[in-house]
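Student: Predicted model follows, preceded by the sequence.
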Amino acid sequence: MSVPSGQNLTSADTAASLAAPTRRVAATQRGARPRHEWATVLASQLILVGLLLGLWELATRSEPARAFLYGSPSAILTNLVRTVRDGSLWQDTALTGSETLAGFVLGNVLGAAIGLALWYSRFASRVLQPFILALGSIPIVALAPIVIIWFGTGFASKLAMATLSVVVVALVIAYKGAMGVDPDQINLMRALGAGKHQIFLHLVVPASLTDIFAGLKLTVGFALVGAIVGEFMSSAAGLGHAIFKAGSLYIISRVFAELAVTILLALLLSAIVSRVERWLLPWRHDLQ
């Protein structure tokens, strides 16, 4: 290996230059393995879903009574196509999606803000703990009549139901995340002259983001359940109203069709949360 004149090449430089291609190859292999694994997992999931749907179709075709009681994939697809053509699917999905998203955002913002703020005072957290637990122990269905009386039968009541389904869970998870910060790191910042407000902004909040995002993924389903329950109780549109109406008329395939759309909506919102998490937490290599 020749060295240009006037340039000194140490043994460390030589080792680094020789190791660089190896590191690039290893990084490429690490990137290829997750993509290959992801494709394998997706293919396995699709095969499993196809197998279950095929068995379901065979079981219901062999017995007409089963098709009435349990529906069938072909009838579910027929109902989905019908709702797409008449436009009701898009209207119901948009309404339920907006109620869910608004309640999800509002509930998590309120819950996370209160949960993180309780880090400032152990005394306040002890005082409020039984009230928080009491609110969290109330079944959301039991609150529906009161919420409708307070907020009416429109969008506001569904927003309130979705928010109440989320806020306590978000509060508890954010508080646990804040209280789980390493005390040694807090003491180190204090030794460096940081105040309580600086410790909160630069240590507690960033350290709690992992727990907060775990709560976001969990509360997506809670917000959707709250909106659906609100539509069950009083609504003229939405996925919950469509499910309730189809169930009242014993159209089981239509119920499953609306449930399938509800599941897809939940998966879409969860995927959005995961994408935002990867964007805001670039240091989490397990999310890449």
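Tutor: All right, it came through fine. Numbers count the residues shown, from 1 in each chain.

Student: Pull the contacting residues for A207.
Tutor: By Cβ atoms under 8 Å, 6 or more residues apart in numbering, the contact list for A207 reads G177, A178, G180, V181, D182, Q185. Quick note: C-beta positions are derived from backbone N, CA and C, even for glycine.

Student: Buried ones only from those, please, as a PyMOL command.
Tutor: Selection command for PyMOL covering only the buried members of the contacts of A207, criterion 16 or more other Cβ atoms under 10 Å:
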select buried, resi 177+178+181
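
Student: And the contacts of A207, which is closest to A170?
Tutor: Of all the contacts of A207, G177 has the smallest distance to A170: 10.6 Å, by Cβ to Cβ.

Student: Find the helix or strand that that closest one is a member of.
Tutor: For G177, the host element (DSSP states H and E) is helix 155-179.

Student: For that helix, list every residue counted as buried.
Tutor: 155-175, 177-178.

Student: Check which helices and strands the following helix or strand past it is in contact with.
Tutor: The first helix or strand that comes after helix 155-179 along the chain, using DSSP H and E, is helix 183-191. Contact analysis of helix 183-191 by 3 or more Cβ pairs under 8 Å, 6 or more residues apart in numbering; DSSP states H and E lists helix 196-199 as its packing neighbours.

Student: Which is the succeeding secondary structure element to the helix it packs on?
Tutor: helix 205-233.

Student: ok, which stretches of this structure are helices?
Tutor: Using DSSP state H, the helices of the chain run over 11-61, 64-70, 73-86, 88-117, 122-137, 140-151, 155-179, 183-191, 196-199, 205-233, 239-248, 252-280.

Student: Of those helices, which stretch is the most buried?
Tutor: Of the helices of the chain, the one with the most neighbours on average (mean count of other Cβ atoms under 10 Å) is helix 155-179, at a mean of 24.

Student: Could you figure out how far it is turned away from helix 88-117?
Tutor: 40 degrees (axes from the mean of the first three to the mean of the last three Cα atoms, to 10 degrees).

Student: Could you figure out how far helix 155-179 is turned away from helix 140-151?
Tutor: Using the same axes, to 10 degrees: helix 155-179 against helix 140-151 is 130 degrees.

Student: State the mean pLDDT of helix 155-179.
Tutor: Per-residue pLDDT values over helix 155-179 give a mean of 89.

Student: Mind giving me the packing neighbours of it?
Tutor: helix 88-117, helix 122-137, helix 140-151, helix 205-233.

Student: any chance of those in a markdown table, plus distance to Y250?
Tutor: Formatted as a markdown table, these follow (distance: least, Cβ to Cβ, whole Å):
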| stretch | distance to Y250 |
| --- | --- |
| helix 88-117 | 19 |
| helix 122-137 | 35 |
| helix 140-151 | 22 |
| helix 205-233 | 17 |
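
Student: out of those, which comes closest to W38?
Tutor: Of the helices and strands packed on helix 155-179, nearest to W38 by Cβ to Cβ is helix 205-233, at 18.1 Å.

Student: what about that closest one, distance to the chain center?
Tutor: 6 Å (Cα atoms, centre = their mean, to the nearest Å).

Student: and if you look at stretch 163-180?
Tutor: For stretch 163-180 - counting by Cα atoms, centre = their mean - the centre lies 14 Å from the chain centre.
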